[in-house]
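Engineer: Kindly generate the corresponding structure for this input.
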Amino acid sequence: MGLETKYIDETKGGKGEKDKAKEEGMYLYCVADTGERASLGAIGIAGNEVYSIPYNDICAVVHNCPAHPYQSNNQEVVKTWVIEHQNVVDTAWRKWATVLPSSFDTIIKGESRDNTEQNMKDWLKREHENLKSKLDKVRDKAEYGVQIFWDPKVMAQNLLETSPEIRELNEEIKQKPKGLAYMYRQKLENLIKHEMETGADVCFRVFYKRIKKHTSDIRVEKTKKAEQGLQMILNFSCLVQKDKYAELGEELSQINQMEGFSVRFTGPWPPYSFVGGS
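Structural biologist: Coordinates of the predicted model:
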């Protein structure tokens, strides 16, 4: 997992190594749609106390930290940190309803603790209009994951029954000598593969259109490795208005009932995929 620290560096002027060693930091989890100053408890990475720093009608959700990245060669440790980061964002989302999640290891730096907090406020002030615009975009919405799979064996059998060209070739194989039949079977397999690839593209376009009408925004993600004999043909992140959730669920239920297809519908989550870097 390649994780890079994103610094919001508000310190002024050049510094020597000794000065840098004294710098303080604040780890930014998210920006929330509230001007409330509050403590969320010791729920941060490595048990750090998490609290909000307000500016006007928004706030940064942070914990105090040294001004250097969270780094480890142990992937299990890194995985734990990422989960703890997400847990804080989820907690803030449940408390304030609208948040802009930050990427892992976003840290603001300062020359002292008080100075770092002021730097955070200055950043919130400077970015206020942009942050409010993003908060407006995701207000009353949540992110859901939609993955659609098909069973290649069922799809191939359907082609054998419905495609005249494939059905004819399949019947022809039965009349060929063993050696020649092998070559024809290779031709049949290649034809079925081509038709299935074309079919997957058609299904993608049809399902995209059906799903998109129930979302405020949609992102196409990379498909993942096949599992349990199934092939993933699409993977979407969907930003969904609260009053559209049931409609999307019904649409996916109809797709799930189609022969050879299955749907995985996950969420709700804070809008990780739709806010970019804060």
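
Engineer: buried stuff in the biggest helix by length in the chain?
Structural biologist: In the chain, ranked by residue count with DSSP state H as the criterion, the top helix is helix 178-212. Across helix 178-212, burial judged by 16 or more other CB atoms under 10 Å covers 184, 188, 191, 192, 195, 196, 200, 203, 207, 211. Placement of C-beta: from N, CA and C, glycine included.

Engineer: Beyond that helix, next helix or strand please.
Structural biologist: Where DSSP states H and E defines the elements, the next helix or strand beyond helix 178-212 is strand 217-220.

Engineer: For residue 147, give me its contacts.
Structural biologist: 224, 232, 234, 235, 236, 263, 264, 266 (CB atoms under 8 Å, 6 or more residues apart in numbering).

Engineer: Between those residues, which sits nearest residue 83?
Structural biologist: residue 266 (16.0 Å; CB to CB).

Engineer: How about the contacts made by that closest one?
Structural biologist: 144, 145, 147.

Engineer: which residues does the first one bridge with?
Structural biologist: It refers to residue 144. Beta-bridge partners of residue 144, counted by DSSP bridges, are residue 238.

Engineer: How many residues are close by it?
Structural biologist: 22 (other CB atoms under 10 Å).

Engineer: Equivalent analysis for the one 4 residues further on, please.
Structural biologist: Neighbour count of residue 148, defined by other CB under 10 Å: 26.

Engineer: That one reaches residue 258, doesn't it?
Structural biologist: No - Residue 148 is beyond contact range of residue 258, at 9.7 Å (criterion: CB atoms under 8 Å).

Engineer: Could you turn the buried ones of the contacts of residue 147 into a ChimeraX selection?
Structural biologist: Burial among the contacts of residue 147 is assessed by 16+ other CB under 10 Å; the matching ChimeraX selection reads:
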select :232,234,235,236,263
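
Engineer: Distance to residue 135, secondary structure and pLDDT added to the contacts of residue 147, as CSV?
Structural biologist: Below are the contacts of residue 147 laid out as CSV (distance: CB to CB, whole Å; DSSP: H, G, I helix; E, B strand; the rest coil; pLDDT from 0 to 100):
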residue, distance to residue 135, secondary structure, pLDDT
224, 31, coil, 89
232, 32, strand, 95
234, 29, strand, 97
235, 27, strand, 97
236, 23, strand, 98
263, 30, strand, 97
264, 29, strand, 96
266, 24, strand, 96
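
Engineer: Can you lay out the contacts of residue 147 as a markdown table showing distance to residue 105?
Structural biologist: A markdown table is the format used below for those (distance: CB to CB, whole Å):
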| residue | distance to residue 105 |
| --- | --- |
| 224 | 25 |
| 232 | 30 |
| 234 | 31 |
| 235 | 25 |
| 236 | 27 |
| 263 | 34 |
| 264 | 29 |
| 266 | 25 |
